[in-house]
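[1] Below are the sequence and a predicted model; questions follow.
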Amino acid sequence: MQNRNIMVLDTTLRDGEQVPGAKLNKQQKVEFAQQLKRLKVDIIEAGFPASSQGDFQAVREIARIVGDSVSITALGRAVKSDIDAVYESIRIAQQPLIHIVLGASNIHVEKKFNRSKEAVLQMGVDAVRYAKTLLPQVQYSTEDASRADFEYLWSTIEAVVKAGATIINVPDTVGFAEPEEFGELIRKVNERLKNVNHEVLLSVHCHNDLGLATANTLSAIKNGADKIECTINGLGERAGNTSLEEVVMALKVREARYQCRTAIETTELLRTSRLLTYLTGLDVQVNKAITGENAFAHSSGIHQDGLLKDKQVYEIMSPEEVGADSMELVLTARSGRHAFKHAVQQLGFDPGTGEELEQLFQKFLELADAKKEVYDHDLFYLVTEHREQAG
Ligand code: KIV
Ligand code: ZN
């Protein structure tokens, strides 16, 4: 069976940029969008143009500069002025997509809009109809879908699809869902959707409030989602969005299980993550999967020994696949003789045998106890000094 293609929408410049402290200027947004293009995302969500003149200008610049080969979208509420702003900012792109969001849960309908469910549903339909007079491609997001009453959610989806929506996005807006439940929701929506119009794409957008965004997104893919929305480094509102690098690598490493693929150029993942850190000043935790400082660092002696025999013993993907340097062995007091000897050799020394190697190893252990981590320059000095003393 052929693998299914999963479309990737990156919303780092919209949902990610909403985060306190993550504000980027126009130039920086364009630079990041250019990197997203190298990463080969399918769609860039460039901003929320109705929110400010600055955002409008940035979206328009991104559409102009990178919108030749990658689809560009921007977000608007289900009101004419927002949709106009989206359209005006992205129309220059080759494949522009209008993205409309409107609440679908009782709590949103009652507390945010204070209107009847029917009236809110009609707002969504009117918004899609209007957007379709401007562009052929329209995505509709049923905000807070994971907490919505299913039959109301479905009647909204059915109505906006009949009004012309080409992508239905089901968000877990507050990160409330858990994987089995979210997968089941997507399975049910998918089953009905494909009966109404099998050309409409089913998309998901998860938040990480319970640390489940990646798991929920993968569960949605298993249950029929055609498109996923993510951000680099998982940047986004509160605890963030689904981390693009995690889902993409999970699909790649476990391809036989998921039978899905993305077009992402995975060797650009680390560069994209580092660029975002540099531009926003927001660091990635050291143990973050795929892009953290320690994601490919091995420090225990047992692991280092195993890796030196065969990388597959402790590596499920190669660092090079995500654009990192080859695996890193961090020498500590727990590193064994095998890893120590390998590191000395890597520095260009003949590590010797028998007694000399043992003497060097004992000196290394003393140093590692004192310093915790031993770097190449420490090791270089240790070997050189030892050999000078020995004459
Ligand atoms: O979290 C959310 O519901 C959103 C929508 C605009 C997709 O960001
Ligand atoms: Zn969101």
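    Nice, thanks for sending it over. Ligands and ions are numbered 1, 2, ... in the order given.

[2] Closest residue of the stretch 201-350 of the chain to ligand 1?
    Residue nearest to ligand 1 within the stretch 201-350 of the chain: H205 (4.4 Å; Cβ to the nearest ligand atom). Quick note: C-beta positions are derived from backbone N, CA and C, even for glycine.

[3] and D283, how many neighbours?
    By other Cβ atoms under 10 Å, the residues close to D283 number 11.

[4] can I assume E320 is in contact with T267?
    Yes: with contact defined as Cβ atoms under 8 Å, E320 reaches T267; the gap is 7.2 Å.

[5] ok, for E237, nearest residue in space, not its chain neighbours?
    Counting by Cβ to Cβ, 6 or more residues apart in numbering, E237 lies nearest to Q18, which is 5.7 Å off, once chain neighbours are set aside.

[6] gap between the two ends of stretch 7-18?
    The first and final residues of stretch 7-18 sit 23 Å from each other (Cα to Cα, to the nearest Å).

[7] avg pLDDT for that stretch?
    Mean pLDDT, stretch 7-18: 97.

[8] what does this protein have sitting close to ligand 1?
    D15, L75, V101, S141, E143, N169, P171, T173, H205, H207 (Cβ under 6 Å from any ligand atom).

[9] List the ones among those that fall in strands.
    Among these, the ones falling in strands (DSSP state E) are L75, V101, S141, E143, N169, P171, H205.

[10] Using ChimeraX, define a selection of the buried residues within these.
    Burial among those is assessed by 16 or more other Cβ atoms under 10 Å; the matching ChimeraX selection reads:
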select :75,101,141,143,169,171,205
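
[11] Touching, K132 and T166? I think so.
    No: look at K132 against T166 with Cβ under 8 Å: they stay out of range, at 9.0 Å.

[12] The two: which has the busier surroundings?
    Set K132 next to T166 and count neighbours by other Cβ under 10 Å: T166 wins out with 19 against 16.

[13] hang on, isn't that one packed against V138?
    Yes: T166 is within contact range of V138, at 5.8 Å (criterion: Cβ under 8 Å).

[14] among the helices and strands of the protein, which has the poorest mean pLDDT?
    strand 328-329 (a mean of 75; mean pLDDT, DSSP states H and E).

[15] and the helix or strand following it, what other elements does it pack with?
    Counting by DSSP states H and E, the next helix or strand C-terminal to strand 328-329 is helix 337-346. With contacts defined as 3 or more Cβ pairs under 8 Å, 6 or more residues apart in numbering; DSSP states H and E, helix 337-346 has these neighbours: helix 301-309, strand 328-329, helix 354-371, helix 376-390.

[16] Nearest approach to V30 belongs to which of these?
    Nearest to V30 among these is strand 328-329 (32.9 Å), distances taken as Cβ to Cβ.

[17] quick revisit: now what about the least confident helix or strand of the chain, what contacts it?
    Outside strand 328-329, the residues that touch it by Cβ atoms under 8 Å, 6 or more residues apart in numbering are F296, A297, H298, S299, Q304, L307, P319, S335, A339, H342, A343.

[18] out of the residues you listed, what pair is the most spread apart?
    P319 and S335 (18.7 Å).

[19] Surely K372 is in contact with V330?
    No: with contact defined as Cβ under 8 Å, K372 does not count as touching V330 (9.8 Å).

[20] Which one of those two is surrounded by more residues?
    Using other Cβ under 10 Å as the criterion, K372 and V330 rank with V330 on top: 18 against 10.

[21] This completes my enquiry, with thanks.
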